[in-house]
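*Asks:* Have a look; sequence and predicted model below, questions after that.
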There are 2 protein chains.
Amino acid sequence: MSIDNHPNTGRFLQGRLRHAMADREKDLVEGLIVRTEELRGEQLLLKRGDFCEFSTILIEGLMLRTIHENGQRSIVGYQVAGDFVDLHAFALKRLDHDLMVIGNVTVGYVPHERLREIMEAEPHLARIFWFSTLLDAAIHREWIMKSQQLRSMGRLAHLFAELWYRLRMVELGNSSGFQTPLNQIHLGEMCGMSTVHVNRCLRDLREAGIVEFRRGRITVLDAEKLKECARFEPSYLYGEGGLSVGHALDKGTGETVPVRRAG
Amino acid sequence: MSIDNHPNTGRFLQGRLRHAMADREKDLVEGLIVRTEELRGEQLLLKRGDFCEFSTILIEGLMLRTIHENGQRSIVGYQVAGDFVDLHAFALKRLDHDLMVIGNVTVGYVPHERLREIMEAEPHLARIFWFSTLLDAAIHREWIMKSQQLRSMGRLAHLFAELWYRLRMVELGNSSGFQTPLNQIHLGEMCGMSTVHVNRCLRDLREAGIVEFRRGRITVLDAEKLKECARFEPSYLYGEGGLSVGHALDKGTGETVPVRRAG
DNA sequence: TTCCGCACATAACAAAGGCTAAGTTGTCCA
DNA sequence: TGGACAACTTAGCCTTTGTTATGTGCGGAA
């Protein structure tokens, strides 16, 4: 099935890259996809150490970046619909972590050969791709920060706040909450805590009137309290529309203010 | 002072990028530096939220990526001599974290304008720059994993193991250990634990005959025990020489083995 | 030399969170 | 309809870690 007649094309590429790309560029990127695949349940898509010759765009659903070490699994990140999941496989070649799908997922495959071609022909797109991987890194840093500064309830709240924010950017979820294929085990693996303790904290969050987690449905009871409890400050997601890649590079607008001169 | 007569030029760019670049390319990158600066003590180089028009190469010393939130400081990463520290400022423009120098440091400044030019003229270098930021992201992921899977003593051991490994890649440090400007407060901020507990764990590590920390000198007492205690598996640092960017992209060698076909 | 300040060290208590072991609920399928 | 199974829930105990308080040792400045 081509991307053009996929039922979810509407949401595709409306996420992190939407502000920085012209319509023509969006068409170009969509045209890179040589095949789409639908997957369901929890399964491994790519293994740590694999070499690959294609990258993956997440068209619909949720994907997890996991690392298995000494029998234990960690979830070190996730991607939502519209994300270019696997761009770093293009430059790294060998993956340093696993990619898993969860729930009902549609992925699109992009051969590295075609990526290479388009990046030479369209330097602006190349920078946007780079930006996309840098955004993942910024999210990683925020996760490191939260793991250092927040106790378990705050970490859970931060996860919910971030997920909610990212899902609303692609018009999934609304002001009352969102759906997710994650269960309490996943939450524990994402926040570095035991399942039992996840459950305790979920009860605390519910009783505090902040969020409610119930069988794959997250209901935000009080957005302000959630933000405060999570100390959630979304600027690291660069979601305000001014991704600035295109603008600053193409036009050199006055919005870039140097703080130290290098001359 | 130009980079050419800087006393530490020998180590410059011998780190993460050394295997992937031709001598000509190394010269090109060194030529990008318009000014070097020496700094000492602990000071802020760039602030979260700053916009900048240059990137930074760390020629000598140690730099920290920090995030201050509600009066508390987190160290979410660090760079060692030879690292291209600040490449992501080129594409992100607005920084999501602070950059601090610590100890005796020499930095080189590269204007974004020159980066832009060279990346268009030398696509291979552009991919190497991209790779460098992806390597930072891989390190972030490992930090997330270790914060989820290891208890405090293991996290500390992992930090020492990684630092030791990265410093030896640039010929700082030797088989017995290394020097560092970090103190116990920094260690706590890097591993997400209180200073008191850092001290407890350092005693445990010393008494277990694993590593000894003493006023800026880390002595590795038993490399095997250290590796085991930290569950340190350095493949995420892509340090084996096969960074594969140049190889796979330039020659399409047989070393890339696709695991899933996208056609 | 003496004093001051910073980094390091230790102890005692409190809080957070892990672990084991039971339940309970809901859903799917024979 | 009932049994199997997975996800969720709770309790109790114990380890890990944070907090507060206080002490020690070393190097630099007057």
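*Replies:* Okay, I see it. Owing to the predicted nature of the structure, the values given are computational and were not obtained by experimental measurement.

*Asks:* What residues does chain A have near DNA strand D?
*Replies:* Neighbours of DNA strand D within chain A, by Cβ under 7 Å from any atom of the strand: A:183-185, A:195-196, A:199-200, A:202-203, A:213-216. From N, CA and C alone the C-beta is placed, and that goes for glycine too.

*Asks:* now do 6 Å
*Replies:* Listed as neighbours of DNA strand D in chain A under the rule Cβ under 6 Å from any atom of the strand: A:183-185, A:195-196, A:199, A:202-203, A:215.

*Asks:* filter those residues to the buried ones?
*Replies:* Neighbour-count burial (16 or more other Cβ atoms under 10 Å in any protein chain shown) is assigned, among the residues of chain A next to DNA strand D, to A:Leu202.

*Asks:* which one in the residues of chain A next to DNA strand D is the model shakiest on?
*Replies:* The pLDDT minimum for those sits at A:Arg215, where the score is 86.

*Asks:* Could I get the phi/psi values of A:Met63?
*Replies:* Here is the backbone geometry of A:Met63 (degrees, to the nearest 10): phi -130, psi 150.

*Asks:* Tell me the bridge partners for it.
*Replies:* As for beta bridges, A:Met63 partners with A:Gln79, A:Val101 under DSSP bridges.

*Asks:* just checking, next helix/strand downstream of the helix or strand encompassing A:Ile144?
*Replies:* A:Ile144 belongs to helix A:123-149 when assigned by DSSP states H and E. Using DSSP H and E, the helix or strand that follows helix A:123-149 in sequence is helix A:152-169.

*Asks:* buried set for that following helix?
*Replies:* By 16+ other Cβ under 10 Å, the buried positions in helix A:152-169 come out as A:152-164, A:166-167, A:169.

*Asks:* So what's the gap between the helix or strand just after it and the chain middle?
*Replies:* Once the chain leaves helix A:152-169, the next helix or strand it forms, by DSSP H and E, is strand A:177-179. Between the centre of strand A:177-179 and the centre of its chain there are 16 Å (Cα atoms, centre = their mean, to the nearest Å).

*Asks:* Now do the buried residues in whichever helix or strand comes after strand A:177-179.
*Replies:* Moving toward the C-terminus from strand A:177-179, the next helix or strand (DSSP H and E) is helix A:184-191. By 16+ other Cβ under 10 Å, the buried positions in helix A:184-191 come out as A:186-191.

*Asks:* Now the helix holding A:Ile144: buried residues?
*Replies:* Those buried within helix A:123-149 under the rule 16+ other Cβ under 10 Å are A:124-149.

*Asks:* beta partners for the closest residue to A:Met190 other than its chain neighbours?
*Replies:* If the residues on either side of it in the chain are set aside, A:Met190 comes closest to A:Ile75, at 4.4 Å by Cβ to Cβ, 6 or more residues apart in numbering or on different chains. Beta bridges link A:Ile75 to A:Thr66, judged by DSSP bridges.

*Asks:* distance of A:Ile75 from A:Leu44?
*Replies:* A:Ile75 sits 13 Å away from A:Leu44, going by Cβ to Cβ, to the nearest Å.

*Asks:* Correct me if wrong: A:Trp164 contacts A:Ser176.
*Replies:* No. A:Trp164 is beyond contact range of A:Ser176, at 10.2 Å (criterion: Cβ atoms under 8 Å).

*Asks:* ok, back up a step: just the closest of the buried residues of helix A:152-169 to A:Tyr109, please.
*Replies:* Nearest to A:Tyr109 out of the buried residues of helix A:152-169 is A:Arg166 (Cβ to Cβ; 22.8 Å).

*Asks:* Please report how far the closest residue to that closest one other than its chain neighbours lies from B:Ile144.
*Replies:* Nearest residue to A:Arg166 in three dimensions, chain neighbours excluded: A:Val80, at 5.2 Å (Cβ to Cβ, 6+ apart). According to Cβ to Cβ, A:Val80 stands 18 Å off from B:Ile144.

*Asks:* Repeat that for A:Gly71.
*Replies:* According to Cβ to Cβ, A:Gly71 and B:Ile144 sit 18 Å apart.

*Asks:* same question, A:Met63
*Replies:* For A:Met63 relative to B:Ile144 (Cβ to Cβ), the value is 16 Å.

*Asks:* any low-confidence regions in chain A?
*Replies:* A:1-18, A:240-263 (pLDDT under 70).

*Asks:* ok, A:Asp222 touching A:Ile210?
*Replies:* Yes. Assessed by Cβ under 8 Å, A:Asp222 is found in contact with A:Ile210 at 5.7 Å.

*Asks:* neighbour count winner among these two?
*Replies:* Higher neighbour count among A:Asp222 and A:Ile210: A:Ile210, with 23 against 13, using other Cβ atoms under 10 Å in any protein chain shown.

*Asks:* what sits against the residue lying closest to the more buried one once chain neighbours are set aside?
*Replies:* Excluding its sequence neighbours, the residue lying closest to A:Ile210 (Cβ to Cβ, 6+ apart) is A:Lys225, at 4.8 Å. A:Lys225 makes contact with A:208-210, according to Cβ atoms under 8 Å, 6 or more residues apart in numbering or on different chains.

*Asks:* ok, and A:Lys225, which helix or strand is that part of?
*Replies:* Secondary-structure element containing A:Lys225, defined by DSSP H and E: helix A:223-230.

*Asks:* That helix vs helix A:152-169, what angle?
*Replies:* Here helix A:223-230 points in a direction 130 degrees away from that of helix A:152-169 (axes from the mean of the first three to the mean of the last three Cα atoms, to 10 degrees).

*Asks:* wait, does helix A:223-230 make contact with DNA strand C?
*Replies:* No. On the criterion Cβ under 6 Å from any atom of the strand, helix A:223-230 is out of touch with DNA strand C, staying 12.5 Å away.

*Asks:* ok, back up a step: what do A:Trp164 and A:Ser176 both touch?
*Replies:* With Cβ under 8 Å, 6+ apart, A:Trp164 and A:Ser176 have common neighbours A:Val220.

*Asks:* Do I have it right that the residue nearest to A:Met190 meets A:Gly188?
*Replies:* No. Taking contacts as Cβ under 8 Å, A:Ile75 lies outside contact range of A:Gly188: 9.0 Å.

*Asks:* Who has more neighbours out of A:Ile75 and A:Leu44?
*Replies:* Between A:Ile75 and A:Leu44, A:Ile75 has the larger neighbour count (other Cβ under 10 Å), namely 26 against 12.
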